[in-house]
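> Turn this into a model:
(one chain, ligands or ions: 1)
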Amino acid sequence: MKFNQVPRVRLIAFSSLHQANIQDFLEKEADSWNTDATSDAEKLSEFSGRICYQSFGNKQGRKTNKEYLEHILDSAHGSVLEHASFTFLFTGVSRSLTHELVRHRAGFGYSQLSQRYVDESETEFVVPDIIAEDPELFRIFEKAIESAQAAYIHLSKAITEKIDKERPDLTKTDKRKLARQAARSVLPNATETKIVVTANARAWRHFLELRGSEGAEPEIRKLAILVFKNLQHIAPNLFFDFQIAPCPNGGEMLINRFHKV
Ligand SMILES: Cc1cc2nc3c(=O)[nH]c(=O)nc-3n(C[C@H](O)[C@H](O)[C@H](O)COP(=O)(O)OP(=O)(O)OC[C@H]3O[C@@H](n4cnc5c(N)ncnc54)[C@H](O)[C@@H]3O)c2cc1C
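This is a model prediction of the structure:
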């Protein structure tokens, strides 16, 4: 059996600007505009904010990109942050985690591994830290997982045989689907899953605030911190007010200055 405790987080895509069209707009309908944004996501957010007031041009005392975005956050003009999006692939996470993750609706899109189509006989399982750290608790956990996995394999085989006899007209894929969708009901919440998640900067900020907080469940809190590290690296000015701090419950948590913009 394979066990895992650390979510695997990969940033796989993010917004990029069509520079030529932005330039075309500035030349024909606005003014010259320079920004010290360090990423297209930050530049897109500033551009979108400036379009509201047609405030381009390079006047003296013009705000830096960070100052501009700080003003957006401070004035809760959050819709400006909806244009830049970031796509992550999460693997090594439990179905309990994704059950919580997919509750985030506004500005999020998901594509998750299907247990109806994909065989779970050799999947890994995510162990909560509190169980992994205690040999006696881990022994109970391992036994339960072993039994659930054995039941899954047994059921998949038995249901496939039954369908083979009763529905020879079905395709191999349909037969497997019927077997796996029923057998999966004995798999535990700890079963590993894979999910692609796209969200805009505003939505990620809300996710980080809720799921990086002290009250969040530890696995999703770990994930939120890894997501934050990626976002901070790629677009620091959009997430500058978040910080990693020690969590009173153990491990780390996120704190932030501008709440739910
Ligand atoms: C520590 C913690 C414990 C939790 N415990 C539970 C629990 O015990 N049981 C449970 O069911 N859930 C629980 N949740 C999940 C929680 O209730 C939310 O479903 C989840 O955090 C997503 O938050 P959200 O709705 O703000 O996010 P999103 O769905 O991304 O929405 C973002 C914001 O958009 C607005 N919005 C979105 N949809 C609507 C709508 N239909 N109508 C009006 N406004 C809308 C709201 O302002 C919302 O805050 C918990 C969450 C946390 C962080």
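> Assign the closest residue to the ligand within the stretch 1-150 of the chain to helix, strand or coil.
The ligand sits closest to R105 of the stretch 1-150 of the chain, with a gap of 3.4 Å, by CB to the nearest ligand atom. C-beta here means a position set from N, CA and C on the backbone, and glycine is covered the same way. Secondary structure, DSSP: H, G, I helix; E, B strand; the rest coil: R105 is coil.
> What pLDDT is listed against it?
Looking at R105, its pLDDT is 97.
> number of nearby residues for it?
Residues lying near R105 (other CB atoms under 10 Å) number 7.
> before we move on, what about T191?
As a measure of burial, T191 has 21 neighbours, counting by other CB under 10 Å.
> circling back to that earlier point, and the residue of the stretch 1-150 of the chain closest to the ligand, how far from D169?
Look at R105 and D169: by CB to CB, to the nearest Å, they are 40 Å apart.
> residue closest to the middle of the chain?
Central residue of the chain (CA atoms, centre = their mean): V197, 4.9 Å from the mean position.
> Surely that residue is in contact with Y110?
Yes - using CB atoms under 8 Å, V197 is in contact with Y110, at 5.7 Å.
> For those two, list the residues in contact with both.
L101 (CB atoms under 8 Å, 6 or more residues apart in numbering).
> Backbone torsions only: list them for H83.
Taking degrees, to the nearest 10, you get phi -80, psi -30 for the backbone angles of H83.
> helices and strands around whichever helix in the chain runs longest, which ones?
Ranked by residue count and defined by DSSP state H, the top helix of the chain is helix 135-166. Contacts defined by 3 or more CB pairs under 8 Å, 6 or more residues apart in numbering; DSSP states H and E place helix 135-166 against helix 129-132, helix 172-183.
> Nearest to the ligand, out of those?
Taking CB to the nearest ligand atom, helix 129-132 is the member of the helices and strands packed on helix 135-166 nearest to the ligand, at 16.9 Å.
> got the CA coordinates for the closest one in PDB?
Written as PDB, here are the backbone C-alpha positions of helix 129-132 (Å, rounded to 0.1, in the frame of the first residue of the first chain):
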ATOM      1  CA  ASP A 129      -0.500  13.800  10.200                       C
ATOM      2  CA  ILE A 130      -2.000  13.000  13.600                       C
ATOM      3  CA  ILE A 131      -2.400   9.400  12.600                       C
ATOM      4  CA  ALA A 132       0.900   9.100  10.800                       C
END
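> Give me the buried positions along that helix.
Buried residues in helix 129-132, counted by 16 or more other CB atoms under 10 Å: I131.
> model confidence over it, on average?
For helix 129-132, mean pLDDT is 97.
> just stretch 162-175 next, same as before
In this model, stretch 162-175 has a mean pLDDT of 94.
> How far off centre is that stretch?
Distance of stretch 162-175 from its chain centroid, counting by CA atoms, centre = their mean, to the nearest Å, is 37 Å.
> hmm, who's touching that stretch?
Taking CB under 8 Å, 6+ apart as the rule, stretch 162-175 contacts 117, 160, 178-179.
> cool, and stretch 13-22?
Stretch 13-22 is contacted from outside by 39-41, 43-44, 47, 83-87, 198, 234-235, using CB under 8 Å, 6+ apart.
> how about a cut-off of 7 Å?
If you take CB atoms under 7 Å, 6 or more residues apart in numbering as the criterion, stretch 13-22 is touched by 40-41, 43-44, 47, 84-87, 234.
> which parts of that stretch are buried?
Residues 14-15, 17 are the ones in stretch 13-22 that count as buried (16+ other CB under 10 Å).
> how long is it end to end?
End-to-end distance for stretch 13-22: 21 Å, by CA to CA, to the nearest Å.
> and what of stretch 94-111?
15 Å.
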